[in-house]
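J.: here is a sequence with its predicted model. Questions after.
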Amino acid sequence: MKRVKWFVHPVVIFILSIAALAASLFLYIYWYLEVSTGLQRIIMKYSLDPAQFFEIKTWVVIMVLSILVGLILTGVFTIFVYNEKTQRLYRMQRSFINSFTHELKTPVASLRLYLDTFSRYDLPREDQLRYLGFMSHDVNRLLANINRILDLARIETKSYQKGRECIDIVKMIEEFCEQNSDLFRGCDIAIHNPSQGRPYYWINRPLFEMLLMNLFTNAIKYNQSDRPRINITFVPQKNGLDIRITDNGMGIEKGETKKIFRKFYQVGRTEDMTAKGTGLGLYLVEQVALIHQARVTAESPGLGKGSTFTLKMPPAIRGMETAS
């Protein structure tokens, strides 16, 4: 792609245009004041009638012109900001399409290779089982990507509003970890509930499990340690409950902790598409949290030092009863 010279870049042109317009307004006012001062001197010197030179309409005109110029500046700036956001969203969507296509093509190509191997060679049973395991992993990867798109469509069309039930959220997360232990094999997951409280919430179970799945999957995927570790801690607050999910993964740069929840955003994305995933996982996490009147935040001590995602739940519908 041909590189645009800096002096014809849209941003530079916009800044120069704003500067020229502001300078014009300043010079216009300065010129008017200078002329007015000169006229006043003439009037005083020759004892002339000021009404012949100054009328109230003059001030009305300058006031109206100033307001119009201010509106023009505001309008140009608004258009610029809107255009920049549109262009950024377009680039992110284009990058998402490329990334998502790659996420679909890779497991499909792998499955085709294994199927060709099965059809051409008489493999020992041990190799068959090993290849079937690889194929099962690829199928799960395909299903996960397809489900993200379907979940995104359901959430944005608000077709997930029904199906809530009053659930002990601590017990639900414990059951989730137990039921999906095969998916998190090789990862140490610990649940800490120091207060022994049993908070109940109106929860859409499939949605909330999707939130947990995305957070856990990210903690494992973006992890370079010998054994991934996830700690889930329930911390009662005056105005609700904090659910802190801490991992020993790659960590997040300080400037990225808020950006990662944007739709299609991927940490480490470059022109050569080195970033992993589709950029939808954490966006879905934030949307599911909002559906449950909760907020999700991210923090990290730095790269290589793990990260903590905190789900800030509202007050429980049934208090933090101590387990009997």
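T.: Received it, and whenever you're ready, just let me know what you need. Numbers count the residues shown, from 1 in each chain.
J.: mind listing the helices for the stretch 151-300 of the chain?
T.: 169-179, 205-221, 281-291 (DSSP state H, counting those that start in this stretch).
J.: what angle do the last one and helix 205-221 make?
T.: Taking axes from the mean of the first three to the mean of the last three C-alpha atoms, to 10 degrees, helix 281-291 and helix 205-221 form an angle of 150 degrees between their directions.
J.: by contact count, what packs against helix 281-291?
T.: Here helix 281-291 touches helix 125-156, helix 205-221, strand 295-299, going by 3 or more C-beta pairs under 8 Å, 6 or more residues apart in numbering; DSSP states H and E. For the C-beta atoms, the positions are set from N, CA and C on the backbone; glycine is no exception.
J.: equivalent analysis for the longest one, please.
T.: Helices and strands touching helix 205-221, as assessed by 3+ C-beta pairs under 8 Å, 6+ apart, comprise helix 125-156, helix 169-179, strand 229-237, strand 240-247, helix 281-291, strand 307-313.
J.: weakest of those by average pLDDT?
T.: Of all the helices and strands packed on helix 205-221, helix 125-156 carries the lowest average pLDDT, namely a mean of 78.
J.: nearest to Gln87, of the helices of the stretch 151-300 of the chain?
T.: helix 281-291 (19.4 Å; C-beta to C-beta).
J.: run through who's touching the closest one.
T.: 148, 151-152, 155-156, 160-161, 204, 207-208, 210-211, 214-215, 217-218, 260-265, 295-296, 298, 309, 311 (C-beta atoms under 8 Å, 6 or more residues apart in numbering).
J.: could you check the distance from Leu280 over to Ser110?
T.: Distance, Leu280 to Ser110, using C-beta to C-beta, to the nearest Å: 22 Å.
J.: with neighbour numbers in mind, choose between those two.
T.: Leu280 (22 against 17; other C-beta atoms under 10 Å).
J.: wait, doesn't that one sit right on Lys263?
T.: Yes. Assessed by C-beta atoms under 8 Å, Leu280 is found in contact with Lys263 at 7.0 Å.
J.: which of the helices and strands packed on helix 205-221 sits closest to Asn83?
T.: When the helices and strands packed on helix 205-221 are compared for distance to Asn83 using C-beta to C-beta, the nearest one is helix 281-291, at 22.9 Å.
J.: count of neighbours near Tyr200?
T.: 19.
J.: Leu129 too?
T.: Using other C-beta under 10 Å: Leu129 sits among 10 other residues.
J.: OK, contacts around it?
T.: Leu129 touches nothing, counting by C-beta under 8 Å, 6+ apart.
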